[in-house]
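Participant: Sequence first, then the predicted structure, then my questions.
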Amino acid sequence: MTHPLPAVSQFVCGQPVTRVDGPLKVTGKAPYAADNQIPGLVYATLMCSTVARGRVNHMDTGAALRHRGVLRVLTDFAGLRLPFDTRQVSYFGQPLAVVIATTLEAAAHGASLVDVRYSSRPMLTDIDAPQAVTQPGHFIRDYARGDADQAIRRASVVTDLQFSIARNNHNPMELPATIARWEGAKLTVWDKVQSISSARQSYAKAMGVPQDHVRVISPFVGGAFGSAGETWPHQLLAAFAARRMQRPVKLVLTRKQMYSAIGYRPTSRQRMAIGADQSGQLVPMIHEGRTETAKYGAYEDGLVGNPLYRVPNMRSTYRVVPLDVNLPTYMRGPGAVSGMFALESGMDDLAHRLGMDPIELRLRNEPDVDPTSGVPFSTRRLTDCLSQGAATFGWNRRNPTPGATHDGDDLVGIGMAAAVFYTGRSQCAAIARVLHDGTAEVQSGTSDMGPGTYTSMAQVAADALGMPVNRVRFALGDSRFPAAPPHSGSQTMASVGSAVFTAANMLRDRFIRTAVTDPGSPLNGLRPEDVAVTDGRMFSTISEAGPERGESYQDLLRRRGWPHLDCEHTWTPSDADKRYSMNAYGAVFAEVVVDPLLATVRIRRIYGCYDAGRVINPKLAHSQAIGGMVGGIGMALLEGTQLDHRDGRIVNANMSDYLVPVNADIPALDATFLPAEDKIADPIGVKGLGELVIVGVPAAIANAVFNATGRRVTDLPITVEKLL
């Protein structure tokens, strides 16, 4: 799918180009999954379990089938591969039946008429229950260097804290939605996904068809933050229902269903112990973490082992706790934001015990190489983030004595935290094409959940092709386009951007080589290296020929009688991640106001300074940073999923009781990015941004609360009762 071109005439990467898809979104013309109008469509609604563990003894669908408009009630999912045993109930909210009707209202009411009798079994949903069993993770391994346990006993100054973070549920604006249509043995789905290629594979595997029989279309995603990174059961059930009905089926989750139908940031428990000598040199560090997961599946949140500071003795362990819950998943800054809350709160507590400035403590323990692997950093400017961020924020005005700064009756506190997130890169393909009318199309099967991929990729392509950005279109969101990695892990700009950059450069070179060997071209006979391109026009750069000697891409295509010229390329990252430690870094600063009588925390301002490599579009990057800060405010002060451990029910599965930040919660937020690039990581020099900008925010807020009150809160969210 292509979209209107940006209203600027020329650019280079690094300029704040306005989103090309902005007008479509603000006018309601952007087609999200549920917006597609497919002839013959019927509606599906899930009927879900009301126990967390057991077996269905009896299901009566008679009343539902008698309801006007209900066409069918599917209870037998034989032939469909789901992640859980459909003969058992594995969690509260597990799909048990799919009700299909001519209207959404009829399907929803029909689902309420299905009568289910259960044989319940003892269940466990509490990570802190005595009978909860921990297991080592399969992917996150325990790590040790030196003897941290002995060193912690001998350290001059020690902080040893326990941390607790409540489950955070995804609440994007767009509800998960799928429209599925079969044409013979071929399936087309209009879906909300972050990974076009992975979704295609999942549908093919679940439905037992070849991958080339599945087409996934997802041009717009209305927020996801990890929630659409997996292909969830409701998506597969929509395709299953469409096959059974032999007509298109639309299935949209309700807000309540979303809490159990898709994953979430898992509840976590951590211990962070750090020791130092009197000069502030770190000696030991112990980081122990555990998170909840589902018994029927596995998800691991990588919250231990951040390579941030120089410390000779280190031990980290990670465990999962299988429970009768639905499967957790990635949520913005997965693992890192939870782990850095413990690390950066611990560093702040250690600095307080040492009587040392928290920034100074971090600067004194800046490593020369990656402390875990021993390899050099590709680039690392954390110290610049700390010093420049402190100067911009006004850190020198902070009173280090907790509770010493007042504004009337209110307590004022300032805190900071460092941030780090690895630089991810994956293989990606893209095709670049210049058409006979002088415009360019670039395609890759990536997704876009809001960061501005349409715009940033058009910038990269225009820069490489030597064309104005208003003549370049980027298309995504279709499995017919060249394969791309998941739109997650801050890897899209590095991966898709590098593929677009390489394909567009190859196409430009192909045009030039065609021109210099074409007898009819004014550039015939020149060496390719003596030809440049600006505004889509190839011209000579040697003085005796002059820039007037040249022709446009359009001229060459017209003369040759070609409708277009294109190049497709698959970019594969190097093995630099084996030889270098590649990460993006940041320093986050927060100022809070605490009412001592009501024990309420309000944010005054947050500022971040980031080393994220080359920034392709400062406007989009700033927007990403602000969004990450908003998410961090929610995690720190508001968000927490509450389970009734008697039956596994989520009691606040709605937007009234599950609190997220609103306009009144959002103060002055700002961010800057250091001028930098990382050409070791990828040819365009980017390091990733979307995940980084939430990491460190909860810790900075909690540290500011300590500075305001003297109360070290290690349990998120920081609610009233934790400050009383």
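Facilitator: Great, that's in hand.
Participant: Can you give me the buried ones in stretch 416-436?
Facilitator: Of the residues in stretch 416-436, 416-426, 428-435 count as buried by neighbour count, 16 or more other Cβ atoms under 10 Å. Bear in mind the C-beta positions are built from the backbone N, C-alpha and C, glycine included.
Participant: Revised request: answer the last question for stretch 311-318.
Facilitator: Under the neighbour-count criterion of 16+ other Cβ under 10 Å, stretch 311-318 has Val311, Asn313, Met314, Arg315, Ser316, Thr317, Tyr318 buried.
Participant: what sits up against it?
Facilitator: Stretch 311-318 is touched from outside by 136-137, 140-152, 274, 282-290, 300, 302-305, 365, 371-372, with contacts defined as Cβ atoms under 8 Å, 6 or more residues apart in numbering.
Participant: From those residues, which land in helices?
Facilitator: With DSSP state H as the criterion, helices contain Ala148, Asp149, Gln150, Ala151, Ile152 from among the contacts of stretch 311-318.
Participant: Where does Glu568 sit, in terms of helix or strand?
Facilitator: Counting by DSSP states H and E, the element that carries Glu568 is strand 564-571.
Participant: That strand pairs with which strands, parallel or anti?
Facilitator: Using DSSP bridges, the neighbouring strands of strand 564-571 in the sheet come out as strand 428-435 (antiparallel).
Participant: model confidence over the lengthiest helix in the chain, on average?
Facilitator: With residue count as the measure and DSSP H as the assignment, the chain has helix 492-516 as its longest helix. Helix 492-516 carries an average pLDDT of 98.
Participant: After it, which helix or strand is next? Please name it.
Facilitator: On the C-terminal side of helix 492-516, the closest following helix or strand by DSSP H and E is strand 531-534.
Participant: Show me the contact partners of that next one.
Facilitator: 465-467, 508, 511-512, 515-516, 523, 538-541, 550, 553.
Participant: Alpha carbons only: can I get the next helix or strand after that strand in PDB?
Facilitator: Heading C-terminal from strand 531-534, the first helix or strand you meet, by DSSP H and E, is strand 537-540. Below are the C-alpha coordinates for strand 537-540, written out as PDB (Å, rounded to 0.1, in the frame of the first residue of the first chain):
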ATOM      1  CA  ARG A 537      19.200  14.100 -12.300                       C
ATOM      2  CA  MET A 538      22.500  12.400 -13.100                       C
ATOM      3  CA  PHE A 539      25.300  14.800 -14.000                       C
ATOM      4  CA  SER A 540      29.000  15.000 -14.600                       C
END
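Participant: what bits of this protein have low per-residue confidence?
Facilitator: Counting by pLDDT under 70, the chain has low-confidence residues at 1-11, 545.
Participant: Repeat the analysis, applying 50 as the threshold.
Facilitator: Residue ranges of the chain with pLDDT under 50: 1-9.
Participant: And for the residue nearest to Asp478 when sequence neighbours are not counted, the neighbour number?
Facilitator: Excluding its sequence neighbours, the residue lying closest to Asp478 (Cβ to Cβ, 6 or more residues apart in numbering) is Ile217, at 5.4 Å. Burial measure for Ile217: 19 neighbouring residues, criterion other Cβ atoms under 10 Å.
Participant: Ok, the one 5 residues further on next?
Facilitator: In terms of burial, Gly222 registers 18 neighbours under the definition other Cβ under 10 Å.
Participant: wait, doesn't it sit right on Pro172?
Facilitator: Yes: with contact defined as Cβ atoms under 8 Å, Gly222 reaches Pro172; the gap is 6.1 Å.
Participant: any shared contact partners between those two?
Facilitator: When contacts are counted by Cβ under 8 Å, 6+ apart, Gly222 and Pro172 have Met449 as shared neighbours.
Participant: what's in contact with the helix or strand harbouring Leu363?
Facilitator: Taking DSSP H and E as the criterion, Leu363 maps to helix 358-364. For helix 358-364, the surrounding residues in contact (Cβ under 8 Å, 6+ apart) are 276, 279-281, 309, 347-348, 350-352, 354, 382-383, 386-387, 390, 395, 415-416, 418, 703.
Participant: Just the buried ones from those?
Facilitator: Of the members of the contacts of helix 358-364, the ones counted as buried by neighbours, 16+ other Cβ under 10 Å, are 276, 280, 309, 347-348, 350-352, 354, 382, 386-387, 390, 395, 415-416, 418, 703.
Participant: which ones among the residues you listed are found in helices?
Facilitator: Within these, residues falling in helices by DSSP H are Met347, Asp348, Leu350, Ala351, His352, Leu354, Leu382, Leu386, Ser387, Ala390, Asn703.
Participant: If you drop the residues flanking it in sequence, what lies closest to the last one?
Facilitator: Counting by Cβ to Cβ, 6+ apart, Gly415 is the residue found nearest to Asn703 once chain neighbours are left out, at 2.9 Å.
Participant: My read is that that neighbour contacts Ala702, right?
Facilitator: Yes: contact status for Gly415 versus Ala702: in contact at 7.0 Å, counting by Cβ under 8 Å.
Participant: Let me know whether Gly297 touches Leu327 as I believe.
Facilitator: Yes: here Gly297 lies in contact with Leu327, judged by Cβ under 8 Å, at a distance of 4.5 Å.
Participant: So the two - more neighbours on which side?
Facilitator: It is Leu327, of Gly297 and Leu327, that has more neighbours when counted by other Cβ under 10 Å, with 23 against 16.
Participant: tell me the SS of that one?
Facilitator: Of the three states, Leu327 takes coil under DSSP: H, G, I helix; E, B strand; the rest coil.
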